[in-house]
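S.K.: need a structure here:
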Amino acid sequence: MQFYSLQTFAFLLALLCCALIRAGCLNFSYPTFRDKVDDKDFIISTNSSIAFNAIQVTHDATQASINNESGRFLYKKRFRLWGDGRRNKASFSTTFEINISNKTNPGAEGLAFILTANSTLPENSNGQWLGIVNANSNGSDRAKIVAVEFDTSKSYEQDLDDNHVGVDVNSIYSRKQESLTRYGIRLSSGVSYAVTIQYDSQNLTIFVFHTKETGEQMKDQVLSLPLNLSDYLPEKVYVGFSASTGNNTQLNCIQSWNFTSSHIDENPNLLWVWIAIPAAVVMVLLAGVASYFYWRRQRENKLLEDAFPRIEDEIQSTAMAPKKFKLKELQRATGRFNPKNKLGKGGFGTVYKGLLGNKEIAVKRVSKDSHQGKQEFIAEVTTIGSLRHKNLVKLIGWCYESHELLIVYELMPNGSLDRFLFGDDKLGREMEELPLSWRRRHSIISGVAQALDYLHNGCEKRVLHRDIKASNIMLDSDFTARLGDFGLARTLQQSEVTHHSTKEIAGTLGYMAPETFLTARATVETDVYAFGVLVLEVVCGRRPAGNQLEQSNYNNSIVYWLWDLYSRGKILDAVDSRLEGDTDEDDIVSVLTLGLACCHPNPHQRPSMRTVLKVLRREADLPSLPTERPAFVWPSMPPSFKQDTESDLDGGRLTPFSEISGR
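M.R.: Below is the predicted model of the structure:
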């Protein structure tokens, strides 16, 4: 029966997979371009090529003549822009590095990023036409092309100048344009510039900024335009570049390029084709699936019970192993888990206050119905059981008996940090607590930083906490911060399988780094981001966001709010009003700025916890921070080569992402 059920379930999955067809999103990245290697990935016009580790959209300098040319360089696989009658629309983000160098004075026309229905280069599209359209197709709906032009010649009266960005739709005349002169950018100077273009299915936004070679980290949004691409382009389009020269000439190079986009669902009505299976077959399928899940649950329960002896052997083999308690001991200590002794309730279980002899304890009782709770129990006992640090909650022991999963901690008399910041609303009553002084708040922030530095750098095996938040910071009798709740923690190992990559996004909304929602990966950088949010929360006395809906939106977060105040020179306006008269303004500004640095949208720009500690102790300068809040772009720009060679813990930058380190 079990074998039959498994086959039946596999058959059902096959049917559903056929019914729920998904179009794959388009993702690629070329940090550089290799001649005779990468050529196969692209559609390359006669006047374009790969040379000198770059795309030469028009001929490079080795050609005898580069006058009056136009070229196109397109990715071979088309991009699915919309589907299901234009009801489903894709979004995308692309970043590329351009280098335009004049060969005459003045130079030639410029280049463009294009989305086009047609891979063929229009005839006579050289000179003023930028390889986008020609005299016949200009202004015609038949052109089916949208371009972001980087114009280096004032070819038309409508052009602002010879150094601007514009958005073109089926025409060489821009719908909107912006001069780059005021941004300190000269397109045709031979200097490399980075460009990011983002489309959220409603708006096209363009950023142009100095590349890493210049040492500048500032990214400027130069143009944003409401635009529905599905009104002008077919369902599938090519993405790439076009450029042109005239009587005057220049070199038009793309030195790197990455592109990422979202999925689009096919028409969901296709599912009903498969659901219309004869009633008798449906009955068999449902019965088979039900029996399979019953068998699987029984098997999982047995596997879980079989696993605990192995876990016990592992725990007891360590020198500092936590004690294994008997169930009756913990029942007696907590008054048989009397509701009056309940301290709080989380996603995986309930915590009770207890008394063992003359020692007060906190007992976490994992929910019996939570499969995730069982995983949390295993993670927590095996991870924190081997850790010892003054700023970590001490695990005393554990118990597995009669299907009860219990973890015993040292009781923290002052409870969790969020009670002092926001009141004890979890227990349904308001707390009349003395407000935390700035000295205590700074001490709490430093204590959490020391705990994280220990987890990231001081353990035998690096540990990612993955759920840093105010409710997981416990305060002992003298308000020393102790980091607790290691249910989501993962240990990273050099020689074995790492756990930084998960199928489900883990953490708490409001504290999660923006890249988490794209990668579903826990990294050292995501821990640093959550710590940064905690820092802002402690200083401002304000939750990460007002409600769950807002917490899922980065733009409504405390990070967005603080960065706006920072950019206007009003960051002190964010300080908790209960700190009035009890502040060191310079120190507070430093800590808030450090918190924002930890929340940088680019994970490569976040400081390590070792650097955070040095800044808090005034042993190191604050990390550099742009005045305006940087936009989140993925994939993120890596540090420069120069930074890479200097990137260590003392240098303050984190090492690049890797499968071994879990970063």
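S.K.: show me the strands in the stretch 451-600 of the chain, by range?
M.R.: Secondary structure of the stretch 451-600 of the chain, counting by DSSP state E, counting those that start in this stretch: strands at 463-464, 473-475, 481-483, 490-491.
S.K.: nearest to I588, of the ones you listed?
M.R.: Nearest to I588, of all these, is strand 481-483, at 17.9 Å by Cβ to Cβ. Bear in mind the C-beta positions are built from the backbone N, C-alpha and C, glycine included.
S.K.: which elements pack onto that closest one?
M.R.: helix 438-453, strand 473-475 (3 or more Cβ pairs under 8 Å, 6 or more residues apart in numbering; DSSP states H and E).
S.K.: using TSV, lay out those together with distance to G71.
M.R.: As requested, the helices and strands packed on strand 481-483 are exported to TSV (distance: least, Cβ to Cβ, whole Å):
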stretch	distance to G71
helix 438-453	51
strand 473-475	58
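S.K.: pick the most deeply packed of the ones you listed.
M.R.: strand 473-475 (a mean of 24; mean count of other Cβ atoms under 10 Å).
S.K.: give me the mean pLDDT for it.
M.R.: Strand 473-475 carries an average pLDDT of 90.
S.K.: run through who's touching it.
M.R.: By Cβ atoms under 8 Å, 6 or more residues apart in numbering, the residues outside strand 473-475 that reach it are 393, 412-418, 420, 444, 448, 481-484, 534.
S.K.: quick revisit: any idea which of the strands of the stretch 451-600 of the chain is most buried?
M.R.: Ranked by mean neighbour count under mean count of other Cβ under 10 Å, the strands of the stretch 451-600 of the chain are led by strand 481-483, which reaches a mean of 26.
S.K.: ok, and what's touching that strand?
M.R.: With contact meaning Cβ under 8 Å, 6+ apart, strand 481-483 is reached by 391-394, 412, 417, 443-445, 447-448, 451-452, 465, 468, 472-476.
S.K.: dump the residue contacts of the residue nearest the centre of the chain.
M.R.: For the chain, the residue sitting closest to the mean C-alpha position, by Cα atoms, centre = their mean, is E515 at 0.4 Å. Shown in contact with E515 (Cβ under 8 Å, 6+ apart): R521, E525, T526, P603, F632, W634, S636.
S.K.: ok, back up a step: now, the most widely separated pair of the contacts of strand 473-475?
M.R.: Spanning the widest gap among those are P413 and L534, at 21.2 Å by Cβ to Cβ.
S.K.: for those two, work out which one has more neighbours and name it.
M.R.: Of the pair P413 and L534, L534 is the one with more neighbours under other Cβ atoms under 10 Å, namely 25 against 11.
S.K.: coming back round to it: just the contacts of E515: which are in helices?
M.R.: If you go by DSSP state H, the contacts of E515 have E525, T526 in helices.
S.K.: in TSV: the contacts of E515, plus neighbour count, pLDDT and distance to E585.
M.R.: Putting those into TSV (neighbours: other Cβ atoms under 10 Å; pLDDT from 0 to 100; distance: Cβ to Cβ, whole Å) gives the following:
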residue	neighbour count	pLDDT	distance to E585
R521	19	81	38
E525	25	92	30
T526	27	92	31
P603	23	91	30
F632	17	82	30
W634	16	75	36
S636	20	72	33
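S.K.: take the contacts of E515 and lay them out in TSV including distance to N105.
M.R.: Below are the contacts of E515 laid out as TSV (distance: Cβ to Cβ, whole Å):
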residue	distance to N105
R521	50
E525	46
T526	50
P603	43
F632	40
W634	40
S636	38
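S.K.: out of the contacts of E515, which is nearest to V191?
M.R.: Closest to V191 out of these is S636 (22.2 Å), distances taken as Cβ to Cβ.
S.K.: now the closest one: how far from Y294?
M.R.: Taking Cβ to Cβ, to the nearest Å as the measure, S636 falls 45 Å from Y294.
S.K.: V463 now?
M.R.: Look at V463 and Y294: by Cβ to Cβ, they are 37 Å apart.
S.K.: repeat for G354
M.R.: Distance, G354 to Y294, by Cβ to Cβ: 36 Å.
S.K.: what does R186 give?
M.R.: R186 is 70 Å from Y294, by Cβ to Cβ.
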